[in-house]
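In: dropping the sequence and predicted coords here.
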Amino acid sequence: MTHGDPMTIEVLDRLIKSRRTVRDFSADPVSDATVSELIDAAVWAPNHRMTEPWRFFVLKKDGEGRKRVGDLIHAWTFENTPNPNPDRKQASADAARREVLDAPALVYAYSLSGDSDEIAEENYAAVACAVQNFMLAAHARGLGVGWSTGKVCKPPDLAATLGLTEPARISGCLYVGYPAAAPTSSRRDSSAVTTWL
């Protein structure tokens with residue numbers, strides 16, 4: 001790659017600006033090799049002190065790990081759905097588990113805590129950058145990613161269920177698949193949020 005190559009710049013700019021959050025996927029599978037490629041891209045994110053603080057957990061489609069986490073999310077959602085109606089609670093819990101089970105690929109991302117609050121904050125920022133790398137690499141391959149920090153990340157025993165033994169903070173759950181539809185979005189012009197001094 002030549003630095004400053006107009007074609008490279010154009011492709012990168014287009015990828016960044018056309019990437020969207022996707023949670024509605026086709027039934028097409030995502031291969032393990034492709035998921036590995038996305039994680040390979042993720043780990044090239046910048047990280048202060050070269051801590052390489054990211055930890056990824058891939059839950060294989062129809063695997064026992066995915067089923068255990070699906071059950072965990074189901075139980076947590078049922079207990080924490082604010083609507084007191086039992087049918088509504090059950091429907092919310094069922095939908096949460098179904099989304100976990102149905103995603104063509106599912107990856108959890110964690111950031112290691114570090115020896116101080118400062119390092120922990122730097123590590124979390126690095127993992128956010130790694131997730132962006134993951135999403136851009138996915139988008140370049142025609143895949144979509146939904147990055148969730150919601151109920152799928154809330155059960156307090158999730159880390160133990162995944163087998164994480166290091167002190168870490170969850171950065172999110174990444175739903176990955178081929179988009180069923182092309183989502184759209186917009187942003188304000190960067191001049192609206194930029195101050196030049």
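Out: It's in.
In: wait, what's in contact with the nearest residue to residue 104 once chain neighbours are set aside?
Out: Once flanking residues are discounted, residue 104 sits nearest to residue 177: 3.6 Å by CB to CB, 6 or more residues apart in numbering. (Glycine included, C-beta is placed from N, CA and C.) Residue 177 is in contact with 22, 25-26, 28, 30, 103-105, 143-144, counting by CB atoms under 8 Å, 6 or more residues apart in numbering.
In: narrow these to those that are buried.
Out: 22, 25, 30, 103-105, 143-144 (16 or more other CB atoms under 10 Å).
In: next, the residue nearest the centre of the chain: secondary structure please.
Out: Per CA atoms, centre = their mean, the C-alpha nearest to the average position across the chain is that of residue 174, at 2.7 Å. Per DSSP: H, G, I helix; E, B strand; the rest coil, the secondary structure class of residue 174 is strand.
In: correct me, but it touches residue 146?
Out: Yes - the pair residue 174 / residue 146 is scored as a contact, 7.2 Å apart, by CB atoms under 8 Å.
In: for the helix ranked longest in the chain, list every residue counted as buried.
Out: For the chain, the longest helix by residue count, based on DSSP state H, is helix 117-140. Using 16+ other CB under 10 Å as the test for burial, helix 117-140 gives 119-120, 122-128, 130-140.
In: now stretch 12-23
Out: For stretch 12-23, by 16+ other CB under 10 Å, it's 19, 22-23.
In: end to end, how far does it reach?
Out: From its first residue to its last, stretch 12-23 covers 23 Å (CA to CA, to the nearest Å).
In: next one: stretch 39-48
Out: Where stretch 39-48 begins and where it ends lie 19 Å apart, using CA to CA.
In: residue 71 versus residue 60, what's the distance?
Out: 16 Å (CB to CB, to the nearest Å).
In: and the host helix or strand of residue 146, which residues are buried?
Out: Using DSSP states H and E, residue 146 falls within strand 144-148. Neighbour-count burial for strand 144-148, with 16+ other CB under 10 Å as criterion, is recorded at 144-147.
In: show me what it is packed up against.
Out: helix 117-140, strand 168-177 (3 or more CB pairs under 8 Å, 6 or more residues apart in numbering; DSSP states H and E).
In: output those in TSV, with distance to residue 56 appended to each entry.
Out: TSV is the format used below for the helices and strands packed on strand 144-148 (distance: least, CB to CB, whole Å):
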stretch	distance to residue 56
helix 117-140	9
strand 168-177	9
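In: need these in a markdown table (columns: mean pLDDT).
Out: Formatted as a markdown table, these follow (pLDDT from 0 to 100):
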| stretch | mean pLDDT |
| --- | --- |
| helix 117-140 | 97 |
| strand 168-177 | 98 |
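In: for residue 113, give me its contacts.
Out: Taking CB under 8 Å, 6+ apart, we find residue 113 in contact with 119-120, 123, 166-169.
In: before we move on, the earlier item: pLDDT for the buried ones among the contacts of residue 177 - can I get that in TSV?
Out: Listed next are the buried ones among the contacts of residue 177 as TSV, based on pLDDT from 0 to 100:
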residue	pLDDT
22	95
25	97
30	98
103	98
104	98
105	98
143	97
144	97
